[in-house]
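> what follows is a protein structure lacking sequence information:
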């Protein structure tokens, strides 16, 4: 199902609520969300209160329009992760699965990195 087609830099909390509502309303318990990487961590944290579902967010640090893209690898990783992880929200990027509340995007290094797990 397609929910939004919007640059992730332009997403706001109303858009995130739209995504949240679509996931909650979907009967599936295994969900993959493709999302722009600039605000992926914000959306992942916004979705983190959803219970009873495994939600894997993924995207591409090198967009598909480029000759060398990580998009297909990351989608494949998300397909594997959604089947293997416990319920919760995760980001699958470049061979690593990050819990939603313990990941940041390092823009200078153009990668995702694990942070301290927060309880909020």
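Right, received. Where do you want to start? Owing to the predicted nature of the structure, the values given are computational and were not obtained by experimental measurement. Residues are numbered from 1 along each chain as shown.
> quickly note the distance from residue 101 to residue 110.
As judged by C-beta to C-beta, to the nearest Å, residue 101 and residue 110 stand 22 Å apart. Placement of C-beta: from N, CA and C, glycine included.
> with residue 68 instead?
Distance, residue 68 to residue 110, using C-beta to C-beta: 13 Å.
> more neighbours, residue 101 and residue 110?
residue 101 (17 against 11; other C-beta atoms under 10 Å).
> secondary structure of that one: a strand, I assume?
No - with DSSP: H, G, I helix; E, B strand; the rest coil as the criterion, residue 101 is helix rather than part of a strand.
> and it, how close does it get to residue 107?
Distance of residue 101 to residue 107, given as C-beta to C-beta: 19 Å.
> just the residues contacting stretch 109-119, thanks.
37, 41, 61, 91, 93-94, 96, 98-99, 101-106 (C-beta atoms under 8 Å, 6 or more residues apart in numbering).
> could you tell me which of those residues count as buried?
Burial by neighbour count, 16 or more other C-beta atoms under 10 Å: within the contacts of stretch 109-119 this picks out 37, 41, 61, 91, 93, 98, 99, 101, 103, 105.
> between which two of the residues you listed is the distance greatest?
Farthest apart among the buried ones among the contacts of stretch 109-119 by C-beta to C-beta are 61 and 101. That separation is 20.9 Å.
> which ones among the contacts of stretch 109-119 lie within helices?
Among the contacts of stretch 109-119, the members found in helices (DSSP state H) are residue 41.
> farthest pair within the contacts of stretch 109-119?
Top of the distance list for these (C-beta to C-beta): 61 and 101, 20.9 Å.
> got the residue ranges for the strands in the chain?
For the chain, applying DSSP state E gives strands covering 30-34, 54-58, 88-93, 96-99, 103-106, 111-114.
> adding mean pLDDT, write these out as CSV.
Putting the strands of the chain into CSV (pLDDT from 0 to 100) gives the following:
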stretch, mean pLDDT
strand 30-34, 96
strand 54-58, 97
strand 88-93, 95
strand 96-99, 92
strand 103-106, 84
strand 111-114, 82
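> many thanks, I have nothing further to ask.
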